[in-house]
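> sequence first, predicted coordinates after that:
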Amino acid sequence: MSGETTNLRIDAERLWGTIMETAQFGLTAKGGVRRLTLSDLDQKVREWFVNACREAGCAITVDDMGNIFARRPGKNPNLPPIGVGSHLDTQPSGGKFDGIIGVLSGLEVLRTLNAAGYETNAPIEVIDWTNEEGSRFAPAMLASGVFAKKFSRDYAYAREDREGKKFGEELERIGFKGEAPCGDHPLAAFFEIHIEQGPILEAEQKTIGVVTDVQGMRWYEVTVVGEDCHAGSTPMPMRKDALLGAARMIAAINAIGLRHAPLAVATVGLIEARPNSRNVIPGETFFTIDIRHPEDAVLASMEAEIAAELQEIAARATLGITFTRVWNSPPVHFDEACVAAVREGARALGYAHRDIISGAGHDAAYVAAVAPTAMIFVPCERGISHNELEKAEPEHVAAGANVLLRAVLATDARLGEREST
C-alpha cells in the first residue's frame, strides 16, 4: 500500500461513541441489549443506520430479505464492491457488541476515508445482514444464507417465531422488504469484524484473532412423547415421564460431546415440558441440540451416535421420539488472500495476533461460498457473549477496526492493480 494509506487510522473515540449510541435501541436494565430481528427496535436501529450511511455519502440498497447495502463509490464503478459488515439483531438477552461492531466498524471505515478525502478503486459497501442470530426465526444466518443460495427466499419467508408470526410478514411490517433480489449482488471480497465470543484471545493476551476457518454446526429438534398422568396417584414404576426421558437423553448428549472433545461441543439450549403443570407428569418434552466441530466427518459421527442413544433411551422407557435435523452449516475455510490481508494488517500495526478457528457461526461463513471472505476477531471479557454482561475494551475494538481498514485498502489496491494490467 502507498504511504497515503498506511498512515490512515480510524477515529477510536467516534467509533466507541457510535457503539454506545446504538446500544440505546433495546438497552436492558443490566446494560445489555434486547433487539430481536424484525422487531420495532430492529426497525429503529436500521433506520438510524440508513440515515448515518446517507450522511456519509452512501447510496442505499435493500434487498428482498431486508439486507442493507450502503455503498461508497470508488473510482471504477465497474468493479464489484468490497463488502464489510455483520448484523444489527441480538439475542433475547444479548450484549452491546455481538454483530453490531462489524457493522459500525464498517461505517467508521467509510467515515475515515471521507475525512481523508481518499478515493478507493472499488466501491466499498457496509452491509447489515438480516436475522443472523436465529433466536426469533430459526435457523441462524438466514438472510446471508439466502444470499449464498443455501436457502430459498420462500423457505425464509415461511419461518415462524414462537407466536406464529412469519418472517416475510414481519419484514414487510417494519418496512424493510426491498425490491432487489437477494443474491443478485456480486462482491469482490467480504470482511467481518466480530468479538471472539470465546476466551482464547484474552487468555493469550492477543489483540487480534486472524480467523482462518469456521467450524461446522448442526441443529436438531427432539420431541419425546410419554403420557400425562396425575403426579400423586401414578406409581413410579408405571409412569411414562417424557421429561425424565429427556433428562437422560441430555446427559447422553453431553457425554457424546465429551467423547469428541476438545474440539467438539454439544449443547441443549432450549427445553419445554408439556403440559408444564406442577402436579402433572409431563407427557411431552421438546428440546433442541446444537453440535459443532471443525470436521464434517466428526459431526456426522456425533449425529449418528446421538440418534442411536436417544432411540435406545426412548425404547427402554417405552417413550415415543422424533429426532429432526433442522440446520446444517458445514465447516468453512476462508480465502487465503483475504486472510493474509488481515494477518498483514495486524502485523503492520504492531498488534499481538494469532490465527484462530471460529467456534460460532457468522454471516461470513455463508458469504464465503460466493465471495472471497475473511474475519477479524477482537477479545471479549472472559469470552462471555450472548449475554447482557458481554464486554469488549475500546482499544481492542479500535484495533480491530484499524485492521479492517488496512485489509480493505490492501484488497482494494490488489483490485486496482488487476484492473490496470
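Cool, the structure landed. Remember, predicted model here, so these are calculated numbers, not experimental data.
> which stretches of the stretch 151-300 of the chain form strands?
Assignment of strands within the stretch 151-300 of the chain using DSSP state E, counting those that start in this stretch yields the ranges 189-195, 208-214, 216-225, 229-230, 265-267, 271-274, 280-281, 284-293.
> count the neighbours of residue 51 for me.
The criterion is other C-beta atoms under 10 Å. On that basis, residue 51 has 11 neighbouring residues. C-beta: built from backbone N, CA, C; applies to glycine.
> quick one: mean pLDDT for stretch 407-421?
Mean pLDDT, computed over stretch 407-421, is 90.
> which parts of that stretch are buried?
Neighbour counts using 16 or more other C-beta atoms under 10 Å place 407-416 of stretch 407-421 among the buried residues.
> pull the residues that contact it.
The contact list for stretch 407-421 (C-beta atoms under 8 Å, 6 or more residues apart in numbering) reads 1-2, 5, 8, 74-76, 79, 82, 84, 109, 120-122, 124, 188-189, 191, 337-338, 341-342, 344-345, 374, 376.
> mind listing which of those are in strands?
82, 84, 124, 189, 191, 374, 376 (DSSP state E).
> for residue 322, state which of those residues is nearest.
Comparing these against residue 322 with C-beta to C-beta picks out residue 374 as the nearest, at 39.3 Å.
> okay, how far is it across stretch 122-131, tip to tip?
28 Å (C-alpha to C-alpha, to the nearest Å).
> show the average pLDDT along that stretch.
Averaging the model's pLDDT scores along stretch 122-131 yields 99.
> the helix or strand harbouring residue 413 versus strand 208-214: what angle between them?
Element membership of residue 413, judged by DSSP states H and E, is helix 394-420. Angle, helix 394-420 to strand 208-214, by axes from the mean of the first three to the mean of the last three C-alpha atoms, to 10 degrees: 60 degrees.
> neighbours of residue 103, how many?
For residue 103, the neighbour count with other C-beta under 10 Å is 28.
> OK, contacts around it?
49, 85-88, 126-128.
> and with 7 Å instead?
Residues in contact with residue 103 (C-beta atoms under 7 Å, 6 or more residues apart in numbering) are 49, 85-86, 88, 126, 128.
> these two touch, right, residue 216 and residue 327?
No - judged on C-beta atoms under 7 Å, residue 216 makes no contact with residue 327 at a distance of 10.9 Å.
> hmm, back to that, for residue 12, state which of the ones in strands among the contacts of stretch 407-421 is nearest.
residue 376 (15.5 Å).
> what sits closest to residue 289 if chain neighbours are left out?
Nearest residue to residue 289, sequence neighbours excluded (C-beta to C-beta, 6 or more residues apart in numbering): residue 220, at 4.2 Å.
> ok, back up a step: to residue 159, which of the strands of the stretch 151-300 of the chain lies closest?
For the strands of the stretch 151-300 of the chain, the distance to residue 159 is smallest for strand 216-225, at 13.1 Å, taking C-beta to C-beta.
> got a list of contacts for the closest one?
Looking at strand 216-225 with C-beta under 7 Å, 6+ apart, the contacting residues turn out to be 139, 242, 245-246, 284-294, 296, 299, 303, 310, 314, 319-331, 361.
> contact partners for residue 200?
residue 356.
> quick one, grab the pLDDT at it.
Residue-level pLDDT assigned to residue 200 equals 96.
> now do it against residue 94, distance only.
For residue 200, the distance to residue 94 (C-beta to C-beta, to the nearest Å) stands at 21 Å.
> go on, residue 411?
As defined by C-beta to C-beta, residue 411 lies at a distance of 30 Å from residue 94.
> neighbours of the closest residue to residue 152 other than its chain neighbours, how many?
With C-beta to C-beta, 6+ apart as the measure, residue 146 is the residue that lies nearest to residue 152, at 7.1 Å, once sequence neighbours are left out. Counted with other C-beta under 10 Å, residues neighbouring residue 146 total 27.
> and residue 280, by the same measure?
15.
> tell me the pLDDT of it.
At residue 280, the pLDDT value in this model is 98.
> from what I can see it touches residue 227, true?
No - between residue 280 and residue 227 there is no contact under C-beta under 7 Å: 10.4 Å.
> any idea how this structure splits into domains?
The record's domain split for the chain, according to automatic domain parsing, is 3-215+331-420, 216-329.
> any weak-confidence spans in the chain?
In the predicted model, the chain carries pLDDT under 70 at residues 1-4, 421.
> pick out the residue closest to the middle of it.
What sits nearest the mean C-alpha location of the chain, by C-alpha atoms, centre = their mean, is residue 362, with 3.5 Å.
> among the domains of the chain, show me which one is buried the most.
domain 3-215+331-420 (a mean of 20; mean count of other C-beta atoms under 10 Å).
> I'd like the distance from it to the chain centre, please.
A distance of 9 Å separates the centroid of the chain from that of domain 3-215+331-420, by C-alpha atoms, centre = their mean, to the nearest Å.
> same question for stretch 280-292.
24 Å.
> can you check stretch 207-224 too?
Using C-alpha atoms, centre = their mean, we find the averaged C-alpha position of stretch 207-224 to lie 10 Å away from the chain's own average C-alpha position.
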